[in-house]
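> no sequence for this one, just the structure:
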């Protein structure tokens, strides 16, 4: 399962970098507000990015920590859920 977690972490990291670049371009470049992923994808998009990163990080941590595979999957899902909650609570208000 480690390759699955590694791929999830890598894809999540790429999505996070794209999100950061999109916010920077949408905020700082006049006329490029459409590039801001927060305005295009909102809370759902932010939650997906956070969930994928959390799944990969927690899954790899649990696997390398010696957890049994079934428990590592539960840990990965818990990590994804925790990151989604953090992204929703501490993310910008879209209301």
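Cool, got the structure. Only a predicted model underlies this, so the values are computations on that prediction, with no experimental measurement involved. Residues are numbered from 1 along each chain as shown.
> what sits against the one residue sitting closest to the centre of the chain?
The centroid of the chain falls nearest to residue 50 when counting by C-alpha atoms, centre = their mean (2.2 Å). With contacts defined as C-beta atoms under 8 Å, 6 or more residues apart in numbering, the neighbours of residue 50 are 83-84, 86-87. (C-beta placed from N, C-alpha, C; glycine too.)
> Low-confidence regions, this protein specifically.
Within the chain, the stretches with pLDDT under 70 are 94-95.
> related to what we said a few turns ago, distance to residue 35, secondary structure and neighbour count for the contacts of residue 50 - can I get that in JSON lines?
What follows is the contacts of residue 50, written out as JSON lines (distance: C-beta to C-beta, whole Å; DSSP: H, G, I helix; E, B strand; the rest coil; neighbours: other C-beta atoms under 10 Å):
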{"residue": "83", "distance to residue 35": "24", "secondary structure": "helix", "neighbour count": "22"}
{"residue": "84", "distance to residue 35": "24", "secondary structure": "helix", "neighbour count": "20"}
{"residue": "86", "distance to residue 35": "24", "secondary structure": "helix", "neighbour count": "13"}
{"residue": "87", "distance to residue 35": "20", "secondary structure": "helix", "neighbour count": "19"}
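> hmm, back to that, how about the residue nearest to the centre of the chain: what's its closest non-neighbour residue?
residue 87 (3.6 Å; C-beta to C-beta, 6 or more residues apart in numbering).
> circling back: what about the residue nearest to the centre of the chain, helix or strand, and which?
helix 37-64 (DSSP states H and E).
> Could you do residue 18 as well?
helix 2-28.
> mind listing what's buried in that helix?
5, 8-9, 12, 15, 19, 22-23, 26 (16 or more other C-beta atoms under 10 Å).
> Stretch 38-50 too?
38, 43, 46-50.
> any chance of those in TSV, plus distance to residue 69?
Formatted as TSV, the buried residues of stretch 38-50 follow (distance: C-beta to C-beta, whole Å):
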residue	distance to residue 69
38	36
43	32
46	30
47	26
48	25
49	26
50	24
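> Could you report the neighbour count for residue 70?
When neighbours are counted by other C-beta atoms under 10 Å, residue 70 registers 9.
> mind checking the SS state of it?
helix (DSSP: H, G, I helix; E, B strand; the rest coil).
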